[in-house]
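**Student:** Sequence and predicted model, in that order:
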Amino acid sequence: MNDMFSFMENTSLVGGLLIFLVLAVIAEMLLVIVIHKRYLSFMKRLGNGNNLDEMLKKYIEEVKAIEKDNGEIKNYYTKLDQDIASCIQKVGLVRYNAFKDVGSDLSFAIALLDGNDNGVVLNGIYGSEYSNIYAKPIKTKGSSYQLSQEEEYAIEIAEQTKNFMAKKRK
């Protein structure tokens, strides 16, 4: 008989603990609901009547969109930098007197180089009876054709500047 009373005591103890556990879970759920309502009220006060949490989510989405746009802009200007490197950036002009019988510096050599020192040099030779223009390709400061002193000087001037620069032969 003692075993029966001991079992009943254990069962009532387990039942009491079970009821206490159910009440604790219900109390926790009520606390979560109250805290959530207070949290929402707090966020609205911080957001001047708007839900700050929603505002933050919206701003995060906007920042992500801006980051994407910035990536596209970076790709675009990187491509522009590559394209610009192959455009004429350096110009050197030398005027000179090709023939003693012609009175002034009517002949010229002009070097047109890109950012990698590739391009062309044009040499316009003016004489009293004729005028000729010669073009020679330039690859990294040199040419497969023989360059005159004036052409070499025009290339040297172009390499020293990124702006148009004209000089008279020394």
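**Tutor:** Ah, there it is. Numbers count the residues shown, from 1 in each chain.
**Student:** Tell me where this protein has helices.
**Tutor:** If DSSP state H is used as the criterion, the helices of the chain fall at 2-46, 52-85, 149-160.
**Student:** Return the most buried member of these.
**Tutor:** The highest average neighbour count among the helices of the chain, using mean count of other CB atoms under 10 Å, belongs to helix 149-160 at a mean of 20. No exception for glycine: its C-beta is placed from N, CA and C like everyone else's.
**Student:** Enumerate every residue touching the residue nearest the centre of the chain.
**Tutor:** What sits nearest the mean C-alpha location of the chain, by CA atoms, centre = their mean, is Lys74, with 2.4 Å. If a contact means CB atoms under 8 Å, 6 or more residues apart in numbering, then Lys74 has no contacts.
**Student:** Tell me the spacing between it and Glu62.
**Tutor:** Computed as CB to CB, to the nearest Å, the Lys74 to Glu62 distance reads 19 Å.
**Student:** Check the burial of Lys90 by counting its neighbours.
**Tutor:** The local packing of Lys90 (other CB atoms under 10 Å) involves 21 other residues.
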